[in-house]
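>>> this one's structure only:
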Ligand code: NAD
């Protein structure tokens, strides 16, 4: 099939081109993000392959329908950027890669926890500049602490397992309990108990109308002083302005973010020669106990290969009218 890929980088092209040797689809890559202004880049492709920050709202979907697009293949797991009702209205099928490597994201969440606690980024810079002092780098043992996991699906359950192996007490909130986690001994509690009893809180739920700004000022008030908050899910699960206030009062002692609610147009881009115009984001950068990565949780060799393979295989199934089972959203 003819497929246009939006928001592509060198690594996307390399990986998809390599795996396409067995599928023989016709691929065209553009660097632009999909927005109402970039829909015109579509020539005769029936399939649009999109990523996390592409816009797939009512306006874009109506424009895609006018151009004859039949399938949107998300090369990611989250689908909060797609108006599924509009897709249905325009009869455009939407698929995603439901599971490619939950380990990649769980390991990244753990990486943020460990780096924040031991201030690895500070010691790296100190040693580089010949400063071998360890003053100010005091950490704590995770063993014996409580981690609260919000969302115990594929990623949250792996983090439950790893943190439990580190000697942590794992409590969790999820409207649907995961039997694997129950078997591990994860204690399911209500969300307020996660807020009040956790030393570390890690977010692994999808972004939807129930979870938007789940971490707001009232949730923050219930948390322990100096709590560590980790978000590798979607930026808007956190009310960032409330979090900035909580950093100022030391309610939050450590903040690790791989996602940010206004990351569109910023994350994945090299803006090092420009002034960042987002005041909330620059305010986050001013805290020494905040560690931000640019939505790289998914970014491992294994994950890229699985994403490309599943996406191309699903497009082939779509072409042949075969059921797409778990990866079909509509
Ligand atoms: P999943 O569907 O396997 O698990 C999500 C879990 O969240 C489910 O168990 C669900 O019941 C639970 N949930 C739903 N609503 C909830 C709520 N209100 N409160 C608590 N839990 C709730 O998904 P996953 O593969 O584990 O991925 C989780 C999220 O991680 C994705 O939705 C995506 O946004 C994000 N993600 C980020 C990256 C990255 O690169 N940073 C990569 C992949 C996924």
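That came in fine, so what should we check first? Quick caveat, the model's predicted, so the values are computed rather than measured. Residues are numbered from 1 along each chain as shown.
>>> report the beta-bridge partners for residue 56.
Beta-bridge partners for residue 56, by DSSP bridges, are residue 82.
>>> give the contact list for it.
34, 50, 72, 81, 82, 83, 87, 94 (CB atoms under 8 Å, 6 or more residues apart in numbering). Using the backbone N, CA and C atoms, a C-beta is placed for each residue, glycine as well.
>>> just the buried ones from those?
Buried members of these, scored by 16 or more other CB atoms under 10 Å, are 34, 50, 72, 81, 82, 83, 87, 94.
>>> quick check, pLDDT for the closest residue to the ligand within the stretch 201-330 of the chain.
Proximity of the stretch 201-330 of the chain to the ligand (CB to the nearest ligand atom) peaks at residue 297, 3.0 Å away. pLDDT for residue 297: 97.
>>> before we move on, what about the one 3 residues further on?
pLDDT recorded at residue 300 is 97.
>>> where does the nearest residue to it once chain neighbours are set aside sit: helix, strand or coil?
Distance criterion CB to CB, 6 or more residues apart in numbering; nearest residue to residue 300, sequence neighbours excluded, is residue 104 at 4.2 Å. With DSSP: H, G, I helix; E, B strand; the rest coil as the basis, residue 104 sits in helix.
>>> contacting residues around the closest residue to residue 151 other than its chain neighbours?
What sits nearest to residue 151 in space, not counting adjacent residues and going by CB to CB, 6+ apart, is residue 205, at 3.3 Å. Listed by CB under 8 Å, 6+ apart, the contact set of residue 205 reads 150, 151, 153, 156, 174, 211, 214, 233, 237.
>>> from the residues you listed, which are also near the ligand?
Within the set of the contacts of residue 205, contact with the ligand (CB under 6 Å from any ligand atom) is found for 150, 151, 153, 156, 174, 211, 233.
>>> from those residues, which is closest to the ligand?
Within those, proximity to the ligand (CB to the nearest ligand atom) peaks at residue 153, which comes in at 1.7 Å.
>>> how many neighbours does the residue nearest to residue 217 when sequence neighbours are not counted have?
What sits nearest to residue 217 in space, not counting adjacent residues and going by CB to CB, 6+ apart, is residue 242, at 4.2 Å. Neighbour count of residue 242, defined by other CB atoms under 10 Å: 19.
>>> was I right about residue 242 contacting residue 215?
Yes: here residue 242 reaches residue 215: they are 7.4 Å apart, a contact under CB atoms under 8 Å.
>>> residue 54 and residue 164, how far apart?
Using CB to CB, to the nearest Å, residue 54 is found at 36 Å from residue 164.
>>> the two: which has the busier surroundings?
residue 54 (23 against 16).
>>> OK, contacts around the more buried one?
6, 7, 33, 34, 35, 81.
>>> could you redo the last one with a cut-off of 6 Å?
6, 7, 33, 34 (CB atoms under 6 Å, 6 or more residues apart in numbering).
>>> what's the closest non-adjacent residue to the first one?
The spatial neighbour of residue 6 that comes closest, neighbours along the chain excluded (CB to CB, 6+ apart), is residue 34 at 4.1 Å.
>>> pLDDT at the one you found, what is it?
98.
>>> how near is it to residue 276?
23 Å.
>>> can you list contacts of stretch 317-330?
Contacts of stretch 317-330 (CB under 6 Å, 6+ apart): 1, 71, 79, 84, 87, 88, 94, 95, 96, 98, 314.
>>> ok, now with 10 Å
1, 23, 25, 46-47, 70-74, 77, 79, 82, 84-88, 91-99, 310-311, 313-316 (CB atoms under 10 Å, 6 or more residues apart in numbering).
>>> list the contacts of residue 281.
240, 244, 257, 260, 261, 262, 263, 266, 292.
>>> and which of those residues is nearest residue 120?
For those, the residue nearest residue 120 by CB to CB is residue 292; the value is 14.2 Å.
>>> where does residue 28 land in three-state SS?
strand.
>>> ok, and the closest non-adjacent residue to it?
In space, and not counting its chain neighbours, residue 28 is closest to residue 4: 5.1 Å by CB to CB, 6+ apart.
>>> who touches the one you found in this structure?
26-30, 34, 41-50, 69.
>>> using the three-state scheme, assign it.
strand.
>>> can you pull the contacts of the closest residue to residue 33 other than its chain neighbours?
The shortest distance from residue 33 to any non-neighbouring residue, by CB to CB, 6+ apart, is to residue 7 (5.1 Å). By CB under 10 Å, 6+ apart, the residues touching residue 7 are 29-34, 38, 49-54, 75, 264, 268.
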